[in-house]
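K.L.:
I'd like to go over a predicted model; first the sequence, then the structure.
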Amino acid sequence: MKNTAISVNDLHVSYYGNEAVKGVSLSIKSGDLVGIIGPNGAGKSTFLKAMLNLIPRDKGDVEVLGKSIKEVRKKIAYVPQRNDIDWDFPIRVLDAVLLGTFPNLKLFKRPTKKDKEWAMKCLERVGMEDFSKRQIGELSGGQQQRVFLARALAQKAELFFLDEPFVGVDVSSEETIVKILKELTDHGKTVIVVHHDLSKANDYFNQLILLNKELISFGEVSEVFQSDIIERAYKGQFAFMKEIGV
């Protein structure tokens, strides 16, 4: 029996008086690979950020591993959208990955040789060890996303949150990322991914959260991926859904 990794109760978020997330409640089990799907403007990224307490909530509670986000922050790794990152910042690839070790360092301590070796192992895992001395801004979109996944791996987290990790990446990088995410859940880690491509949802995830500001459906992929349920979320876009076999 899996333990509960994340519990969300009546979560509400608004921007300038417009409600972006309305009363979402759900529980995610440890070891699940969960996709957050829904149409553009459905509140997917907002929901993810609100769970992590990165943006203010109007109402609602979130528990992670039975505690508040603040109490377990070190056990959570977050990979933001690529357009939220300053790629002109002058930092080398290895140093960017090494930042993932910082949450576990003691106060005023610098990374050790062992930490640097671990960061390199994380780069090797994502196939980017040959780029360790490159500036982060010199990489392609797929390479940058691999580096930020390596940074998350370096943190040795229990839960991984990724916001649109496959946008602007090449096929090889996407396959590498998916493979690693599945390996993480095989080892009991919990992974939550904001995702936009429904055609791959069945291959990538074992659980889906379907949002359109409110929770439309949550559960096994086969349960959520029903034409009548998808239509409730995508409405006018349903003709497109039929083209991809929903």
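P.N.:
Ah, there it is.
K.L.:
check contacts around residue 29.
P.N.:
Residues counted as contacts of residue 29 (C-beta atoms under 8 Å, 6 or more residues apart in numbering) are 2-5, 190. (Glycine included, C-beta is placed from N, CA and C.)
K.L.:
taking those one by one, which sit in strands?
P.N.:
With strands taken from DSSP state E, the overlap with the contacts of residue 29 comprises 4-5, 190.
K.L.:
Report the buried members of the contacts of residue 29.
P.N.:
For the contacts of residue 29, a burial check counting by 16 or more other C-beta atoms under 10 Å picks out 5, 190.
K.L.:
Out of the contacts of residue 29, flag the one nearest to residue 127.
P.N.:
Checking the contacts of residue 29 against residue 127 by C-beta to C-beta gives residue 190 as the nearest, at 23.8 Å.
K.L.:
how much space between the nearest residue to the closest one once chain neighbours are set aside and residue 101?
P.N.:
With C-beta to C-beta, 6 or more residues apart in numbering as the criterion, residue 190 has its nearest non-adjacent residue at 4.2 Å, and that residue is residue 5. Plainly put, residue 5 is 23 Å away from residue 101 if you go by C-beta to C-beta, to the nearest Å.
K.L.:
ok, and the most centrally placed residue in the chain, which helix or strand is that part of?
P.N.:
Nearest residue to the geometric centre of the chain (C-alpha atoms, centre = their mean): residue 162, 1.7 Å. Element membership for residue 162, per DSSP states H and E: strand 159-163.
K.L.:
on that earlier part again, want to try CSV for the ones in strands among the contacts of residue 29, with distance to residue 235 and pLDDT as columns?
P.N.:
Formatted as CSV, the ones in strands among the contacts of residue 29 follow (distance: C-beta to C-beta, whole Å; pLDDT from 0 to 100):
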residue, distance to residue 235, pLDDT
4, 32, 93
5, 31, 95
190, 31, 97
